[in-house]
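Student: Build me a structure from this.
(4 chains)
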2 protein chains.
Amino acid sequence: MLSRSRVTISQVAKEAGVSTQTVSRVINDRPDVSPDTRRRVQAAIARLNYQPNAIARSLASRRTRTLGLITADFSDYFFTQVIAGAEVEARQRGYFFMLGSTERNVQDEPEYIRLLTERQVEGILFARPSTEPDVRHLVGLLEEGVPVVTTAYHLPGKSLTVVDVDNVDGGRKATRCLTQAGHRRIGMITGSPHWKSVTDRSEGYRLALEEAGLSCDESLVESGDWSYESGYEGMLRLLGRCPDVTAVFSQNDRMAIGAMRALREAGRAIPEDVSVVGYDDVPAAAYSHPPLTTIRQPMQEVGALATRLLIELIDKPDTERREVLLTTELILRESCGAPVPQHT
Amino acid sequence: MLSRSRVTISQVAKEAGVSTQTVSRVINDRPDVSPDTRRRVQAAIARLNYQPNAIARSLASRRTRTLGLITADFSDYFFTQVIAGAEVEARQRGYFFMLGSTERNVQDEPEYIRLLTERQVEGILFARPSTEPDVRHLVGLLEEGVPVVTTAYHLPGKSLTVVDVDNVDGGRKATRCLTQAGHRRIGMITGSPHWKSVTDRSEGYRLALEEAGLSCDESLVESGDWSYESGYEGMLRLLGRCPDVTAVFSQNDRMAIGAMRALREAGRAIPEDVSVVGYDDVPAAAYSHPPLTTIRQPMQEVGALATRLLIELIDKPDTERREVLLTTELILRESCGAPVPQHT
DNA sequence: GTGAAAGCGCTAACAT
DNA sequence: ATGTTAGCGCTTTCAC
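Tutor: A predicted model of the protein is given here:
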């Protein structure tokens, strides 16, 4: 048994008494090899413990079967799940992901992309939110014809394949669950500004209020930044300004949990005094106090589908670009209930 | 501006009126090029929008500057932070990570490793726990001389570089914080069996009890599997068997949060009736009800250091293998306090 | 069904 | 300081 990877195709060829070409055919599973020759070559491969050199294959074939991954901060549950789904899908199809960045500094992104393309990735998956107003480098990639798929990243007016969750519908489901329970003063704590998911979930909130015949009172809307702290503080501000709120839709679970803490400290019982609905269904949501009603998003599927579409784009570059929205699911738990009876 | 990556070094050479070798020297930042030539070449590179082909460079230089990453499930906070730290460190040193697996099926790991070595990764980082009794493939890698570093994965009797957290000390700190508050009936909920961190944290628990002159009562120890549910159920069992417990050390935060829920449901106030200490300091710990006292681990540093040592191993293969333990920090929050006064 | 020749885009090891 | 020659390990193309 020889040492790893110093065995080359020509040594195998010599060992098997065939040409390198024939060995190549065998390792590429080509049909035009006689069963007998194939067996001899396979035996030689086993004897020498031969492993094809993927770098050399890539150079000759101009295929790397490697994808680039540009991702946000790993502490975000949504994106780690997207990546997990993407990774599984990629390998099932014979591809690998190169970790392009976890995006400490957004301004370095063009550099990351350059490093990825130098490494001949065949396509790039952007698994991060669209917070960056400067998207020239992404537009540049598209113009060069590099296959690109994004999740939760939209480029208005550009032809780009995007896989995302239907956040308008999600925000609507979350809010509707409160209107249907009879709530009339429903607050909202939004995520960071400029995120499309924030705009969309807010839109869903408004739609649900409208459906219930409620007007949209802007003083019921607080903005946070996805963190526990911001949910906590947003809730405190909201309680101060509108002490009559009986329900709150928080645009993610972390802020919802922060908001519940603020409510407890303010002496409001959940859900008796105030109902709370979150968004994401992070594992902690089921074990928060009280367990949190929330919107579950199919994140692994988003990652898997995005990868599938990316590979499709690589195989057939003329495929039309498209935007796919997956649907969410309302998960009912104890944090939400009927409002205190009111004199109507 | 030509299309991406169809420009080769020889086109640049022709454009600049030099040999390909000189271009190669420029892109590799070699000193032996005259300032004037360098400028001419750089101008040609810019004009043609040339990007070196990393695959071709790798084949010729036999260096890929690529590392493989074998990781556990992305839902684990510890490991996602390790990866984030590793990724940053890698790129700072000019390396990339290939995502080797998120380990759905442990038995596929040898296959993942083979695919990574075919792609000529220069080393492999195992960022996952040592749950697998069959480590033949890891031993095989070591014997072939492939640089390997693991985090939280120990191979008894093998010379392997490991970066981990000092879990004995961590378990001791967690428990000592309870003994010093005067608790005498201190329960423990352990993580999944066969994890080294479980053995170590339990060892720390025993040491702290001993230091406090307490005997170790096995009926105070419950075993969980790191999940909320298991913490919840473990706590219920513990309460049933030892209603006199006044404190509990849970070997991670998720189980601690589950345990707190069980305590609330059983009518025990935290920390007045029972104190709780967790482990990990996940973001949710600061916002649990009540906020959780816990042990913070420097996970990103574990990832960064592991990567640094891996690259060191690649650069100097004769470097001695070593085991590095980083220290933890006790984070005091409201879930733990002095016990109910007792007649001594 | 199999093989020979050429080359993928670059760097190493020599030249000069 | 720069150029020449010879590969890296494989696939592609075209023979036969």
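
Student: in stretch A:228-240, what's buried?
Tutor: When neighbours are counted by 16 or more other CB atoms under 10 Å in any protein chain shown, the buried residues of stretch A:228-240 are found to be A:228-236, A:238-239. C-beta here means a position set from N, CA and C on the backbone, and glycine is covered the same way.

Student: Which ones, among those residues, also lie beside chain B?
Tutor: A:228, A:232 (CB under 8 Å from any CB of the partner chain).

Student: Let's see which of the buried residues of stretch A:228-240 end up in helices.
Tutor: Of these, the ones assigned to helices by DSSP state H are A:228-236, A:238-239.

Student: Let me have the residues you listed in TSV, extended by distance to DNA strand D and pLDDT.
Tutor: As requested, those are exported to TSV (distance: CB to the nearest atom of the strand, whole Å; pLDDT from 0 to 100):
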residue	distance to DNA strand D	pLDDT
A:Tyr228	52	93
A:Glu229	54	93
A:Ser230	53	96
A:Gly231	54	97
A:Tyr232	58	96
A:Glu233	59	97
A:Gly234	57	98
A:Met235	60	98
A:Leu236	63	97
A:Leu238	62	98
A:Leu239	66	97
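
Student: Could you export the residues you listed as CSV, including distance to A:Ser288?
Tutor: Putting these into CSV (distance: CB to CB, whole Å) gives the following:
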residue, distance to A:Ser288
A:Tyr228, 11
A:Glu229, 16
A:Ser230, 17
A:Gly231, 12
A:Tyr232, 13
A:Glu233, 18
A:Gly234, 17
A:Met235, 14
A:Leu236, 18
A:Leu238, 19
A:Leu239, 19
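
Student: Assign A:Leu69 to helix, strand or coil.
Tutor: Following DSSP: H, G, I helix; E, B strand; the rest coil, we place A:Leu69 in the strand state.

Student: So what's the residue count around the closest residue to it other than its chain neighbours?
Tutor: Excluding the flanking residues, the one nearest A:Leu69 by CB to CB, 6 or more residues apart in numbering or on different chains is A:Phe97, at 4.6 Å. Number of residues near A:Phe97 (other CB atoms under 10 Å in any protein chain shown) recorded here: 25.

Student: again, but for A:Lys14
Tutor: Using other CB under 10 Å as the criterion, A:Lys14 is surrounded by 15 other residues.

Student: Quickly find the element holding it.
Tutor: Assigned by DSSP states H and E, A:Lys14 belongs to helix A:9-16.

Student: Can you pull out the residues in contact with that helix?
Tutor: Here helix A:9-16 makes contact (CB atoms under 8 Å, 6 or more residues apart in numbering or on different chains) with A:19-20, A:22-24, A:27, A:37, A:40-41, A:43-45, A:47-48, A:50, A:52.

Student: among these, which are in helices?
Tutor: Cross-referencing the contacts of helix A:9-16 against helices under DSSP H gives A:20, A:22-24, A:27, A:37, A:40-41, A:43-45, A:47-48.

Student: List the contacts of the closest residue to A:Thr80 other than its chain neighbours.
Tutor: Distances taken as CB to CB, 6+ apart place B:Phe74 nearest to A:Thr80, at 4.4 Å, with adjacent residues excluded. By CB under 8 Å, 6+ apart, the contact list for B:Phe74 reads A:80-81, A:83-84, B:80, B:102.

Student: Dihedrals phi and psi, B:Phe74?
Tutor: The phi/psi pair for B:Phe74 (degrees, to the nearest 10) reads phi -70, psi -10.

Student: host element of the closest residue to DNA strand D within the stretch 51-200 of chain A?
Tutor: Per CB to the nearest atom of the strand, A:Ala60 is where the stretch 51-200 of chain A lies closest to DNA strand D, at 3.0 Å. Assigned by DSSP H and E, A:Ala60 falls within helix A:54-61.

Student: who's in contact with that helix?
Tutor: Residues outside helix A:54-61 that contact it (CB under 8 Å, 6+ apart) are A:63-65, A:120, B:53, B:55-56, B:58-59, B:64, B:118-120.

Student: Quick one: name the residues of chain A near DNA strand D.
Tutor: Within chain A, the positions near DNA strand D by CB under 7 Å from any atom of the strand are A:6, A:8-10, A:20-21, A:24, A:27-28, A:52-53, A:56-57, A:59-61.

Student: Buried ones among these?
Tutor: For these, a burial check counting by 16+ other CB under 10 Å picks out A:8-9, A:24, A:27, A:52-53, A:57, A:59.
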